[in-house]
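structure for the following, please:
(one chain, ligands or ions: 1)
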Amino acid sequence: MSIETIKEDLVELLAFYAELGVDCALSEEAVDWLNHGHAAPGDAIRQALVPAPNSRDRRTASHPGPVPERTRQGETRRSGGAATVRPERRPPAAGGAARSPLDPGVAAAGTLAARASNLEELRTALESFEGCALRATAKNMCFYRGAKSARLMVIGEAPGRDEDLVGRPFVGRAGQLLDRMLAAIGLNEESVHITNVVYWRPPGNRTPTLQETSSCRPFLERQTALVEPQFLLLLGGAAAKNVLEVSDGIMRLRGKWKQVSLGGRTLRALPTLHPAYLLRTPAAKRQAWQDLISLQRALLESS
Ligand code: URA
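Purely as a prediction, here's the structure:
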């Protein structure tokens, strides 16, 4: 076997592991599997997703939920009380990417989020929420960073490895670039509220699935209602598609203002390129800069 063939095989094997969600060979924290009994990783979440026997809509019992785009790697497992909220039917979301209102995780999220009257209560509610499968593999929840109340809310895709370790959104390299982008138009953490469409890191930094974004959505809606922004800056395709409920790619969406209803508020939303993409593609910074200028103008005009 030639060196080239061995190399190709190894590259293929690594790609296969990456598909499975593997992002490190060994984690720094050991997992005590002996103390897990017979429960598999993510078992608590699966339990939470099984509807109560007297559920009003029995279709939820057989609802398979969306198939994850890729299988996930178990890293560490978190425990906590499952939210025992009976699933309810809700009307389908209007337009854009279909959500799964029959999913009990989404119904539980709606009930929990609605009870929060401030961001700290919402954080506590999120900490007790077991309806998003990402929680099982994440080390920390990343809720938000920045101002509690702000005219501009920045929404990204999902926490990455650095964010997962620290428990705050956008603290890694992409976050540092985001801070520089905001500073370029006179904004900083004190004037902006920064969050993501999901609050836990997807294994291997894969794109969150529909189940994952849908179960976090009621929290994002409540968060928006509490922060009371006028403007949204949507970073990257996943955030833009999710918030705007459209299927267009970011290159088509970016730079175009949209009106969106979120958390009972009508907001002006500007999709732009994700700072992680800009780190990989510096030539695209020119387009991001145009979007930032447009944002600055809109902020100035409305003040
Ligand atoms: N990328 C995101 O979309 N969000 C983060 O918090 C970090 C990186």
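
for the residue of the chain found nearest the ligand, give its distance to Asn242.
For the chain and the ligand, the shortest gap (CB to the nearest ligand atom) falls at Gly156, measuring 2.9 Å. Glycine gets a C-beta too; all of them are placed from N, C-alpha and C. From Gly156 across to Asn242, the span is 11 Å (CB to CB, to the nearest Å).

repeat for Thr5
From Thr5 over to Asn242 (counting by CB to CB), the distance is 42 Å.

higher neighbour count, the two?
Shown here are Thr5 and Asn242; by other CB atoms under 10 Å, Asn242 has more neighbours (26 against 9).

and the next helix or strand past the helix or strand that contains Val243?
Assigned by DSSP states H and E, Val243 belongs to helix 236-244. Note on helix 236-244: by DSSP H and E, the next helix or strand toward the C-terminus is helix 250-253.

what sits up against that following helix?
Helix 250-253 has contacts (CB atoms under 8 Å, 6 or more residues apart in numbering) with Gly236, Gly237, Ala240, Lys241, Leu244, Val246, Pro271, Leu273, His274.

buried ones in it?
Ile250, Leu253 (16 or more other CB atoms under 10 Å).

one more: stretch 146-166?
Buried residues in stretch 146-166, counting neighbours by 16+ other CB under 10 Å, are found at 146-147, 150-160, 162-166.

ends of that stretch, how far apart?
By CA to CA, to the nearest Å, the extent of stretch 146-166 from end to end equals 15 Å.

off-centre distance for stretch 107-115?
On the basis of CA atoms, centre = their mean, to the nearest Å, stretch 107-115 sits 17 Å off its chain's mean C-alpha point.

go on, stretch 282-289?
The gap between where stretch 282-289 is centred and where its chain is centred comes out at 24 Å by CA atoms, centre = their mean.

before we move on, what about stretch 250-267?
How far stretch 250-267 lies from its chain's middle: 17 Å, per CA atoms, centre = their mean.

what's the end-to-end length of that stretch?
19 Å.
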